[in-house]
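Engineer: Pasting a predicted model and its sequence here:
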Amino acid sequence: MCSLTKKLIIVCTILITFPLHAATPATSSSPTTHYIYASTIGTSGYAITEPGYYVLTENIPFSPGGAATAITIESNFVTLDMNHHTIYLNDGSATCRGIEIDPSLHNITIKNGKLSGFTGYGLISDASSTGKGIFNIKIENLDITNASCNSAVYIEGNSTNGDAHDILFSGCTITEIAATSITFYMVQANNITVINSKINNNTPTGTHVACTPATNCRFINCEISNNSSTNAANMLNTGQHGAVVDNCIISGNTGLNTLRGIVISGTSIIKNCIVSGNSTVGLLHNILLASNLRGGHVENCIVADNESTTNHAYGIYIDNSANLYFGTIVKDCEVQNITAIGTSGDDAFGIRLDHADRCLVENCMVLSVTGWDIGDGIRVNDTSEFAVIRNCEFYANKTGFYNNDPTTIIYGCIVGNSTTNYAGGTPPTTGNNNVTNIARLGANTQVEKFANVAIPS
């Protein structure tokens with residue numbers, strides 16, 4: 001073998017054994033990790049001013065001696081991993097904040113920790129006076145607890161420069177908060193999602209959860225329970241349009257004034273929810289569909305065991321005297337044990353339609369609605385035109401069915417065992433009807449396949 005051939009064999013062997021590599025294309029590097037200690041925050045707080053991954057290393061007592069913020073985020077593309085630690089206000093200083101996100105920022109994640117005892121806000125971003133709202137924000141597994149403050153969470157966009165938007169809360173808990181404002185408050189916001197979260201055992205002076213003004217807010221697999229309020233309060237106010245409330249529990253809440261369970265507006269949906277065991281000494285709305293509702297839905301919900309001790313009580317109430325509703329649907333719902341137990345004039349309604357044109361109530365059951373004077377299983381007032389009540393059952397209500405609009409269509413319904421019955425209007429004679437002892441039916445009401453029966457055994 002010639003020397004040249006030998007050299008080629010040696011070179012090929014080297015290339016196979018130790019292959020040459022082209023330069024690796026440039027890729028985005030992992031974010032820089034920064035560690036946060038108690039000494040990092042100190043008594044004046046810590047500002048995150050550049051992108052990166054920030055990790056708490058220990059529980060951090062914060063003793064500023066005056067108004068201050070423990071951590072302020074001043075940069076985009078930040079992850080704050082609290083690493084299952086707690087930042088807690090240690091000296092009770094007034095108007096102190098746990099975490100603040102500056103206006104206009106985006107791509108921020110805060111996760112895996114607890115904020116406790118803060119006297120201003122637990123988590124805040126306020127763009128009301130400058131910049132625009134924050135966006136592309138994730139808040140995951142964050143607990144806010146044990147505080148007397150303005151709000152546990154307060155995020156506000158800017159009506160001129162831009163809403164706060166695309167914000168996710170997942171696996172969060174808010175508990176033992178005595179808020180002077182609203183416990184969880186989204187203002188000038190859209191595309192807000194709250195999932196697998198709990199807001200329990202809080203005592204604000206007013207509303208517990210509010211997204212207003214706001215659109216496209218979603219609450220999924222959430223619980224709002226065992227809260228109390230001294231003033232008029234909404235347990236969950238979802239904003240103006242496009243809201244979805246799915247598989248949520250609103251239970252065991254109490255009030256000393258008007259109390260509302262779930263409030264939706266616009267083209268919004270409530271489905272698969274339980275609203276139960278709520279009580280107040282004022283006006284009680286368990287599910288309230290209000291303000292410019294067009295095509296709203298309430299589906300497959302249970303509204304049960306709710307009472308007012310000094311005012312009216314409503315199971316599902318569609319009403320807004322200023323703006324007529326169109327096309328609202330209430331279907332596959334069960335409403336039972338709605339009680340107004342005060343004095344004369346305190347009434348109860350299982351389902352009530354006011355200013356609710358062309359609504360459909362279908363496949364619903366209403367049981368045991370009792371008021372001091374009136375306890376209607378369903379009431380359709382003369383302000384609601386062309387309502388359709390179809391395949392529903394009403395049992396053991398003080399009054400089974402009260403219709404006062406001649407355009408209402410009633411089909412395939414059963415009213416049984418009402419303890420007090422009101423006759424009125426002209427009983428229809430078409431179809432297979434027996435309407436003598438049900439609630440008042442307005443003149444010319446269209447009724448087909450309607451029956452009075454006892455409660456089935």
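Structural biologist: Sure, I can see it.

Engineer: who does the longest strand along the chain pair up with?
Structural biologist: Longest strand of the chain, by residue count under DSSP state E: strand 135-149. Sheet pairing of strand 135-149 (DSSP bridges) gives strand 106-116 (parallel), strand 164-170 (parallel), strand 173-179 (parallel).

Engineer: got CSV for the ones you listed, with distance to S75, mean pLDDT and mean neighbour count too?
Structural biologist: The C-beta positions use only the backbone N, C-alpha and C, and glycine is treated the same way. Output for these, formatted as CSV (distance: least, CB to CB, whole Å; pLDDT from 0 to 100; neighbours: other CB atoms under 10 Å):
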stretch, distance to S75, mean pLDDT, mean neighbour count
strand 106-116, 9, 98, 20
strand 164-170, 17, 98, 21
strand 173-179, 26, 97, 21
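
Engineer: Make JSON lines from those strands and add distance to N136 to it.
Structural biologist: Compiled in JSON lines, these are given as follows (distance: least, CB to CB, whole Å):
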{"stretch": "strand 106-116", "distance to N136": "5"}
{"stretch": "strand 164-170", "distance to N136": "5"}
{"stretch": "strand 173-179", "distance to N136": "22"}
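
Engineer: who wins for proximity to G296 among these?
Structural biologist: Smallest distance to G296 across the strands paired with strand 135-149 (CB to CB): 22.3 Å, for strand 164-170.

Engineer: hmm, who's touching that closest one?
Structural biologist: 125, 127, 133-142, 153, 155-157, 186-197 (CB atoms under 8 Å, 6 or more residues apart in numbering).

Engineer: Just the buried ones from the residues you listed?
Structural biologist: When those are checked for burial by 16 or more other CB atoms under 10 Å, the buried set is 125, 127, 133-135, 137-142, 153, 155-157, 186-195, 197.

Engineer: Give me the domain ranges for the protein.
Structural biologist: Following automatic domain parsing, the chain resolves into domains at 30-204, 244-457.

Engineer: weakest of the ones you listed by average pLDDT?
Structural biologist: When the domains of the chain are compared by mean pLDDT, domain 244-457 comes last with a mean of 79.

Engineer: Now tabulate the domains of the chain in TSV and tack on distance to C211.
Structural biologist: What follows is the domains of the chain, written out as TSV (distance: least, CB to CB, whole Å):
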stretch	distance to C211
domain 30-204	4
domain 244-457	10
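
Engineer: For this structure, which segments are assigned as helices?
Structural biologist: 3-17, 38-41 (DSSP state H).

Engineer: per-residue confidence averaged over the longest one?
Structural biologist: Okay, so that is helix 3-17. Rounded mean pLDDT across helix 3-17 is 45.

Engineer: buried sites along stretch 202-220?
Structural biologist: With burial defined by 16+ other CB under 10 Å, the residues of stretch 202-220 counted as buried are 202-204, 206-212, 214-220.

Engineer: same check, this time on stretch 239-258
Structural biologist: By neighbour count on 16+ other CB under 10 Å, the buried set for stretch 239-258 is 239-255, 257-258.

Engineer: The closest residue to G206 other than its chain neighbours: neighbour count?
Structural biologist: Using CB to CB, 6 or more residues apart in numbering and skipping the chain neighbours, the partner closest in space to G206 is N231 (4.7 Å). Using other CB atoms under 10 Å, N231 has 13 other residues around it.

Engineer: swap in T230?
Structural biologist: Count around T230 with other CB under 10 Å applied: 12.

Engineer: What separation is there between it and R260?
Structural biologist: Applying CB to CB, to the nearest Å, the value for T230 to R260 is 15 Å.

Engineer: How about T173?
Structural biologist: Going from T173 to R260 by CB to CB gives 23 Å.

Engineer: next one: T328
Structural biologist: With CB to CB as the criterion, T328 and R260 are 17 Å apart.

Engineer: Tell me which of the strands paired with strand 135-149 lies nearest to Y35.
Structural biologist: Of all the strands paired with strand 135-149, strand 106-116 sits nearest to Y35, with 14.3 Å by CB to CB.

Engineer: which residues sit against the closest one?
Structural biologist: Contacting residues not belonging to strand 106-116 are listed as 56, 73, 76-89, 98-99, 101, 122-123, 134-147 [CB under 8 Å, 6+ apart].

Engineer: how far does it sit from the chain's center?
Structural biologist: Distance, stretch centre to chain centre, for strand 106-116: 20 Å (CA atoms, centre = their mean, to the nearest Å).

Engineer: and F386, how many neighbours does it have?
Structural biologist: For F386, using other CB under 10 Å, the count is 14.

Engineer: Touching, it and T407? I think so.
Structural biologist: Yes - F386 is in contact with T407 according to CB atoms under 8 Å; the separation is 4.8 Å.

Engineer: so what's the nearest residue to R358 once chain neighbours are set aside up against?
Structural biologist: The shortest distance from R358 to any non-neighbouring residue, by CB to CB, 6+ apart, is to F386 (4.9 Å). By CB under 8 Å, 6+ apart, F386 lies in contact with 357-358, 407-409.

Engineer: from those residues, which is closest to N300?
Structural biologist: Nearest to N300, judged by CB to CB, of those is R358 at 21.4 Å.

Engineer: Pull the contacting residues for the closest one.
Structural biologist: If you count contacts by CB under 8 Å, 6+ apart, then R358 has 326-327, 385-387 around it.

Engineer: Please list only the buried members of the residues you listed.
Structural biologist: Neighbour counting by 16+ other CB under 10 Å classes 385, 387 among the contacts of R358 as buried.

Engineer: Next step: the contacts of R358 restricted to strands.
Structural biologist: Of the positions in the contacts of R358, F326 sit in strands, assigned by DSSP E.

Engineer: got the contact list for stretch 76-90?
Structural biologist: Counting by CB under 8 Å, 6+ apart, 31, 41, 48, 51-63, 70-71, 73, 96, 98-99, 105-119, 142, 147 sit against stretch 76-90.

Engineer: Try it again at 6 Å.
Structural biologist: Stretch 76-90 has contacts (CB atoms under 6 Å, 6 or more residues apart in numbering) with 48, 51, 53-56, 59-63, 70, 96, 98, 105-118.

Engineer: List the buried residues in it.
Structural biologist: By neighbour count on 16+ other CB under 10 Å, the buried set for stretch 76-90 is 78-82, 85-89.
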